[in-house]
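Enquirer: Any chance you can model this:
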Amino acid sequence: MNDKPLQQIDTGLWLGEGPLVNFHGMPYPTRMIIIRLPDGGLWVWSPIALSEALKSEVEALGPVAHLVSPNPIHYLFLVEWHKAWPEAKLWGPQATIKKCDTLPFEAPLEDTAPESWQGVITQAWFRGSFFMDEIAFVHEPTRTLILADLSENFSEDFLKRHWKSWQRVIAKAVGIVAGKGHAPLEWRLSWLNRKPARQALAKVMSARPDRVIMAHGEWIDTGADAFLRQSFSWLIQDKKEPSIG
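Expert: Alright, predicted model coming up:
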């Protein structure tokens, strides 16, 4: 990471880029979001590796109040962040809590936001998969949707620099590239019950986000509606359930 790891995206909204991590043999970038809540506390989503430079920047923004894991894959750096800010509350879906059973989590995140961020951050629980779920968040003041692995939007440049040729072929074939922005294929295939996920997507879209920031790939500064209809086309076009339109 560079000497100034945080980038302010909007009022009360910061993005931090972390180092690459190995995920099943493929280098994945890491990314975190920080939101300053009305009480001044910081809401930290998917914390990245904690350097001294990052720690100093975070402390300059305010007290860390909440550490949030959106799904059971995004938990790698919770221990070091909780050690640095032991008073911060830990949040995640039940799947994350089960995986990180040595950490003192609050009640599992589901579809209703905790009181601490109600009215500021809307959340929607994507469930119905037999092995994965995720909490999506919309920062209402900036109309920013925050996704972890429900959308992966890798640029061709990133893939050329970091992935092997056969990995790039797979990435394009399954649509986790810029221009498609799908969830990984194994996620999509695991959604045997799509009704809850479709309801979660409807809730997200009803919040009218304009910006989409995902953990992996090129984030979308404006035009969220069109992007979401493309990236979630696998979910929307299923005619077994009513349209979300």
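Enquirer: tell me which element the nearest residue to F232 once chain neighbours are set aside is part of?
Expert: By the measure of CB to CB, 6 or more residues apart in numbering, the closest residue to F232 outside its immediate chain neighbours is L201, 5.6 Å from it. Bear in mind the C-beta positions are built from the backbone N, C-alpha and C, glycine included. With elements taken from DSSP states H and E, the one containing L201 is helix 195-206.
Enquirer: do Q123 as well
Expert: In this assignment (DSSP H and E), Q123 forms part of strand 121-126.
Enquirer: so how far is that strand from its chain's centroid?
Expert: What separates the centre of strand 121-126 from the centre of its chain is 11 Å, taken as CA atoms, centre = their mean, to the nearest Å.
Enquirer: What helices and strands are in contact with it?
Expert: Helices and strands touching strand 121-126, by 3 or more CB pairs under 8 Å, 6 or more residues apart in numbering; DSSP states H and E, are strand 134-139, helix 195-206.
Enquirer: List of residues touching stretch 167-184?
Expert: Contacts with stretch 167-184, where a contact means CB atoms under 8 Å, 6 or more residues apart in numbering, come from 26, 149-156, 159-160, 163, 185, 188, 214, 216-218, 227, 230-231, 233-234.
Enquirer: repeat that for 6 Å
Expert: Contact partners of stretch 167-184, identified using CB atoms under 6 Å, 6 or more residues apart in numbering, comprise 26, 150-155, 159, 185, 218, 231.
Enquirer: Could you identify the least confident member of these?
Expert: For the contacts of stretch 167-184, the weakest pLDDT value sits at M26, with 89.
Enquirer: quick one: the nearest residue to that residue once chain neighbours are set aside from E115, how far?
Expert: Nearest residue to M26 in three dimensions, chain neighbours excluded: Q167, at 5.7 Å (CB to CB, 6+ apart). Taking CB to CB, to the nearest Å as the measure, Q167 falls 43 Å from E115.
Enquirer: Those two - which one has more neighbours?
Expert: Neighbours around Q167 and E115, counted as other CB atoms under 10 Å, are more numerous at Q167. The numbers are 14 against 7.
Enquirer: Which strand or helix spans that one?
Expert: With elements taken from DSSP H and E, the one containing Q167 is helix 165-174.
Enquirer: what's the distance between the next helix or strand after that helix and the middle of its chain?
Expert: Later in the chain than helix 165-174, the nearest helix or strand by DSSP H and E is helix 185-190. Here helix 185-190 is found 17 Å from its chain centre; the criterion is CA atoms, centre = their mean.
Enquirer: Spell out which residues sit in contact with R188, please.
Expert: R188 sits next to W234 when contact means CB under 6 Å, 6+ apart.
Enquirer: all strands of the chain, in order?
Expert: 6-10, 13-23, 26-36, 42-45, 64-68, 89-91, 121-126, 134-139, 144-153, 211-217 (DSSP state E).
Enquirer: Average pLDDT for the second one, rounded please.
Expert: Taken as a whole, strand 13-23 carries a mean pLDDT of 94.
Enquirer: again with the last one
Expert: This predicted structure assigns strand 211-217 an average pLDDT of 97.
Enquirer: so what does that strand touch, helix or strand wise?
Expert: Applying 3 or more CB pairs under 6 Å, 6 or more residues apart in numbering; DSSP states H and E, we find strand 211-217 packed against strand 26-36, strand 144-153.
Enquirer: Among the contacts of stretch 167-184, which one has the most neighbours?
Expert: Busiest of the contacts of stretch 167-184 [other CB under 10 Å] is L150, holding 29 neighbours.
Enquirer: What is the neighbour count of L6?
Expert: Counted by other CB under 10 Å, the residues lying close to L6 total 18.
Enquirer: ugh, wrong one, P86
Expert: Using other CB under 10 Å as the criterion, the residues surrounding P86 number 9.
Enquirer: and it, how far is that from P63?
Expert: When CB to CB is the yardstick, P86 and P63 sit 12 Å from each other.
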